[in-house]
Each structure stands twice: as structure tokens, then as C-alpha cells.
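1. Following is a predicted model, sequence given first.
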Amino acid sequence: MVDISKIIQGKNLSEVEVQIVQYIITNIDNVLEMGVRTIAKENFTSPATVIRLSKKLGYTGFIDMYYHLLPLVKKADLPESNVMEEFLEISSKDFMSHNSMEDIEIFIKKVLNLKQSYIFIYATGFSAIAAEYLYKKLLVLGRKTIFASGTDSIGVFENNLEDIGALVVISKSGETQLVLDKMQAAKEHHIFTVSFTKETENRIAELSNLNFKIIDHNKLDDRNMLPNSFFPGLMLMFEYIVKQYVGTLLPKKDKNE
């Protein structure tokens with residue numbers, strides 16, 4: 001099940017270019033052998049359009065685009081039984097193989113140790129469910145936190161900019177436009193930004209001061225229809241960070257006692 005919406009989002013592609021992306025993904029097993037000229041001919045356009053498309057998507061050329069799209073498409077085409085096996089296997093390596101203890105220490109220092117400023121948490125769709133969990137978790141830890149999702153007024157964020165010390169966002173794809181807008185605004189106001197996204201390159205990760213990468217087994221399943229350990233892995237990442245944070249508080253408590 002292949003969904004190209006996140007691949008093309010924010011790239012300002014023409015109708016013909018979107019058609020070419022869909023054609024390449026549909027014919028992923030043959031397009032390399034076909035070559036740029038044949039692909040262009042099949043889509044009633046020029047080879048230059050295909051090359052220009054690859055560069056719009058952030059690749060150096062057609063071959064670079066092909067080798068980046070290939071694993072995404074093949075992963076989306078895996079039989080459900082294989083996906084279920086991966087879904088049931090979650091271990092520490094799944095959420096620490098792309099992250100480090102240094103990342104967690106920075107999160108604790110720049111976000112969880114904020115005293116006067118607010119932590120603003122933002123996400124949309126399924127990610128908003130996980131974001132609300134993190135919001136409530138931080139509240140019971142005594143952190144000053146605000147949570148908003150795509151259904152909330154933009155004023156919830158804009159009216160509190162002066163009081164926000166850190167912006168934490170969650171986006172499985174790393175390409176959600178509403179989230180990107182918040183990230184850009186935070187950057188302009190010199191607010192520290194943290195993102196939780198899939199492990200491959202994406203615009204939200206690039207824009208963040210700190211990015212946590214969670215393995216996404218179905219990177220083109222934008223509607224979250226297939227079994228996937230992304231969100232369970234995300235929740236484990238939250239809990240692991242909290243575990244490290246609480247650990248930093250214990251010595252201080254013992255000393256006071």
C-alpha cells in the first residue's frame with residue numbers, strides 16, 4: 001500500500017510531475033532499466049522534466065531518486081505476515097539505534113529542566129494521541145506544559161510565544177506542513193525545538209535543534225492503516241527519557257533527606 005502524499009508534500013510539483021512520481025513507484029521494478037527517456041515518453045513529457053523532478057524532490061538525479069524510493073516501496077509491499085513479525089518485536093535497539101544518551105541528556109537539560117518557561121507540545125492526527133500522552137506525563141512530573149493539535153486555533157501557539165522555552169513536535173512522516181509551520185515560527189523566535197520523527201531524512205528533522213528518530217516499518221503508509229511499531233516505539237522512547245530524567249532527580253532528594 002503506497003501513499004505518495006508525504007513524498008510530494010511541500011515540493012510544489014506540477015500535475016505532470018506528480019504523475020511521474022506515481023508512475024515510477026508503480027513500475028519500480030522496471031524503471032531503472034527503462035531509463036529517463038522511456039519514462040518521459042510514457043508520461044508524454046521530456047527527459048528534462050524527469051531530471052528536474054528528481055532535483056525538486058531533493059535528489060542529485062534520477063538514479064539517486066530511484067535508489068532512495070526503492071526501499072520505501074519494497075517495504076510497503078511486504079506481506080502482512082512479515083510486518084506482523086516486526087510489529088511484535090520491539091527492543092531497546094529499536095529506539096536507541098538511531099539516538100544516543102547525549103540526545104537524551106540534551107532533552108533533559110533544554111526541555112525538562114526548564115523552570116519558568118513552558119514546554120509546548122504539538123502534533124496532528126495519530127501523532128496527537130501520543131503527544132497528549134507526553135503532555136500528561138510531563139504535567140504529573142510538575143513541568144509547565146501546553147499541548148495543542150491540528151484542531152486547535154493557531155492562537156494557542158502564537159499567543160504564548162514569549163513564554164515558550166521549548167517546542168516539542170511529533171510527526172511520523174517528518175513532513176506534516178502544520179508542524180513545519182510551528183517549527184519555522186519557533187526558529188524565528190529562537191525557541192529550542194525537538195522533534196520525534198521516522199528515522200529517514202525529513203524536513204522536520206532537519207529544522208529541529210534536536211531530533212529523535214523512531215523506526216517506521218511502513219514509511220509510505222501515511223494513513224497508518226498497516227500494523228507498525230512506530231507509535232509503541234515512540235512511547236517507549238518517552239518512558240526511557242523520563243526514566244533518565246527521574247534518575248537525575250533522585251540524588252538531590254536523597255541529599256535533602
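-> Yep, it's here. Residues are numbered from 1 along each chain as shown.

2. low-scoring pLDDT stretches of this structure, where are they?
-> The model of the chain has pLDDT under 70 over residues 1-3, 74-95, 220-222, 251-257.

3. On the three-state scheme, the spatially most central residue of the chain is what?
-> The residue lying closest to the centre of the chain (CA atoms, centre = their mean) is Thr197, at 2.5 Å. The three-state label given to Thr197 by DSSP: H, G, I helix; E, B strand; the rest coil is strand.

4. quick one, what contacts it?
-> Thr197 makes contact with 170-174, 204-205, 211-214 under the criterion CB atoms under 8 Å, 6 or more residues apart in numbering. Every residue, glycine included, has its C-beta placed from N, CA and C.

5. Tell me where the stretch 1-150 of the chain has strands.
-> Ranges of strands in the stretch 1-150 of the chain, per DSSP state E, counting those that start in this stretch, are 118-123, 145-149.

6. Tell me which of these approaches Asp163 most closely.
-> strand 118-123 (5.3 Å; CB to CB).

7. Can you give me the domain assignment for the protein?
-> Following automatic domain parsing, one gets these domains for the chain: 11-76, 90-256.

8. coming back round to it: check the strands of the stretch 1-150 of the chain for me and report the most buried one.
-> Greatest average neighbour count among these goes to strand 118-123 (a mean of 24), per mean count of other CB atoms under 10 Å.

9. hmm, who's touching that one?
-> Outside strand 118-123, the residues that touch it by CB under 8 Å, 6+ apart are 111-112, 130-131, 134-135, 138, 143-149, 157, 160, 163-171, 179, 182.

10. what do you get for stretch 63-70?
-> 7, 24-25, 28, 31-32, 53-54, 57, 59.

11. Could you rerun that using 6 Å?
-> By CB atoms under 6 Å, 6 or more residues apart in numbering, the surrounding residues in contact with stretch 63-70 are 32, 54, 59.

12. cool, and stretch 99-109?
-> Residues outside stretch 99-109 that contact it (CB under 6 Å, 6+ apart) are 210, 212, 241, 244-245.

13. Tell me which residues of that stretch come out buried.
-> Residues of stretch 99-109 classed as buried: 99, 103-104, 107-108 (neighbour count, 16 or more other CB atoms under 10 Å).

14. Distance to Val18 added to these, as CSV?
-> Output for the buried residues of stretch 99-109, formatted as CSV (distance: CB to CB, whole Å):
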residue, distance to Val18
Asn99, 34
Asp103, 36
Ile104, 39
Phe107, 37
Ile108, 43
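
15. And those residues, which two are furthest apart?
-> Going by CB to CB, the pair spanning the buried residues of stretch 99-109 furthest: Asn99 and Ile108, at 13.3 Å.

16. how about stretch 241-253: buried residues?
-> Under 16+ other CB under 10 Å, the buried positions of stretch 241-253 are 241-242, 245.

17. circling back: same list (the strands of the stretch 1-150 of the chain) but as TSV, adding distance to Asn228.
-> Shown next, in TSV, are the strands of the stretch 1-150 of the chain (distance: least, CB to CB, whole Å):
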stretch	distance to Asn228
strand 118-123	16
strand 145-149	20
